[in-house]
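Peer 1: The sequence and its predicted three-dimensional model are supplied below.
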Amino acid sequence: MIGTIILLILMALPGESQPNRFGPPNGQVVVTKQMARELGLIDTTPSMGLTAGLFCAIFVLWFLVDKLLMTQCDVGYDVVNNS
């Protein structure tokens, strides 16, 4: 569970745009605001509110599915006969 959260956070972080110890990034083109306007590109970086909303929605869905699965498991269990 904790590893999944850490993985999601690390995947959401922006990558390095500067050369690192392995060299410069391959196939990277820096797009200026002028180029973006000319090409009709939009900002694809999600806002903080959208990210928080998605995390909340995922958590709520995970909770509901977990409750649903636990309810279905309890239906077939007979407390008196333990079967």
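Peer 2: Good, I have the coordinates.
Peer 1: Look through this protein and tell me its longest helix.
Peer 2: Using DSSP state H, we find that the single longest helix of the chain is helix 48-75.
Peer 1: quick one: which helix or strand includes residue 34?
Peer 2: Using DSSP states H and E, residue 34 falls within helix 33-39.
Peer 1: buried set for that helix?
Peer 2: Residues of helix 33-39 classed as buried: none (neighbour count, 16 or more other C-beta atoms under 10 Å). C-beta here means a position set from N, CA and C on the backbone, and glycine is covered the same way.
Peer 1: Name the surrounding residues that touch that helix.
Peer 2: Outside helix 33-39, the residues within contact range by C-beta atoms under 8 Å, 6 or more residues apart in numbering are 31, 41-42.
Peer 1: cool, stretch 10-17 as well?
Peer 2: So stretch 10-17 is in contact with 25, 28, 30, 45, 51, going by C-beta under 8 Å, 6+ apart.
Peer 1: From these, pick the one nearest residue 2.
Peer 2: Nearest to residue 2 out of the contacts of stretch 10-17 is residue 51 (C-beta to C-beta; 18.7 Å).
Peer 1: Number of residues surrounding residue 59?
Peer 2: Applying other C-beta atoms under 10 Å, we find 10 residues neighbouring residue 59.
Peer 1: scratch that, residue 45 is what I was asking about
Peer 2: 9.
Peer 1: Roughly how far does the closest residue to it other than its chain neighbours sit from residue 46?
Peer 2: In this structure, residue 45 finds its nearest non-sequential neighbour in residue 14, 7.9 Å apart by C-beta to C-beta, 6 or more residues apart in numbering. For residue 14, the distance to residue 46 equals 11 Å [C-beta to C-beta, to the nearest Å].
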